[in-house]
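1. have a look at this fold, sequence not included:
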């Protein structure tokens with residue numbers, strides 16, 4: 001496979017990053033709050049609202065959101081209902097497939113032709129063998 005000469009020239013010009021390179025940022029600056037902290041701060045704030053019983057109360061915004069989702073689920077919103085049930089009772093996992101027992105290989109050589117005919121007749125009738133019947 002041939003190598004493009006332009007890519008080789010670009011590699012020759014390439015400069016490795018050093019520890020003091022001004023292009024390297026140190027990541028998030030100190031004191032910067034992450035998204036989770038910001039959301040939790042707002043979700044924990046109490047605001048005045050009407051509870052499901054019709055009373056005016058101070059509830060955290062997280063509770064108000066939960067009430068709104070439950071109301072949507074009660075109105076028949078399928079994805080809201082799914083969300084409520086998944087969070088209340090856990091997600092339903094897929095039912096594992098039924099595992100069929102391995103089919104046994106029968107050594108027909110130890111049976112006589114008459115035994116095989118009787119077995120075929122019993123299977124055709126759908127009745128169990130009288131000798132193996134338990135009381």
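-> Now that the structure is in, tell me what you want to look at. The structure presented is a predicted model; accordingly, all values stated were derived computationally and were not measured.
2. for stretch 14-28, what is the distance to the chain centroid?
-> When C-alpha coordinates are averaged (Cα atoms, centre = their mean, to the nearest Å), stretch 14-28 and its chain have centres 39 Å apart.
3. what is the end-to-end distance of it?
-> Stretch 14-28 has an end-to-end distance of 27 Å (Cα to Cα, to the nearest Å).
4. same thing with stretch 23-33?
-> The first residue of stretch 23-33 is 23 Å away from its last residue (Cα to Cα).
5. model confidence over it, on average?
-> The predicted model assigns stretch 23-33 a mean pLDDT of 76.
6. can you check stretch 76-92 too?
-> Per-residue pLDDT values across stretch 76-92 average out to 89.
7. pull the residues that contact that stretch.
-> Here stretch 76-92 makes contact (Cβ atoms under 8 Å, 6 or more residues apart in numbering) with 69, 70, 72, 73. C-beta here means a position set from N, CA and C on the backbone, and glycine is covered the same way.
8. number of residues surrounding the nearest residue to the third one once chain neighbours are set aside?
-> Read it as residue 72. Leaving aside its chain neighbours, residue 72 sits nearest to residue 80 (3.8 Å; criterion: Cβ to Cβ, 6 or more residues apart in numbering). Residue 80: 17 surrounding residues under other Cβ atoms under 10 Å.
9. now swap in residue 73 and tell me
-> Look at residue 73: counted by other Cβ under 10 Å, it has 17 neighbours.
10. how far away is it from residue 66?
-> 11 Å (Cβ to Cβ, to the nearest Å).
11. next: residue 97.
-> Separation of residue 97 from residue 66 (Cβ to Cβ) stands at 36 Å.
12. quick one: which of the two has more around it?
-> The residue with more neighbours, out of residue 97 and residue 66 and counting by other Cβ under 10 Å, is residue 66; that gives 14 against 6.
13. how much space between that one and residue 91?
-> Plainly put, residue 66 is 18 Å away from residue 91 if you go by Cβ to Cβ.
14. many thanks, have a good one.
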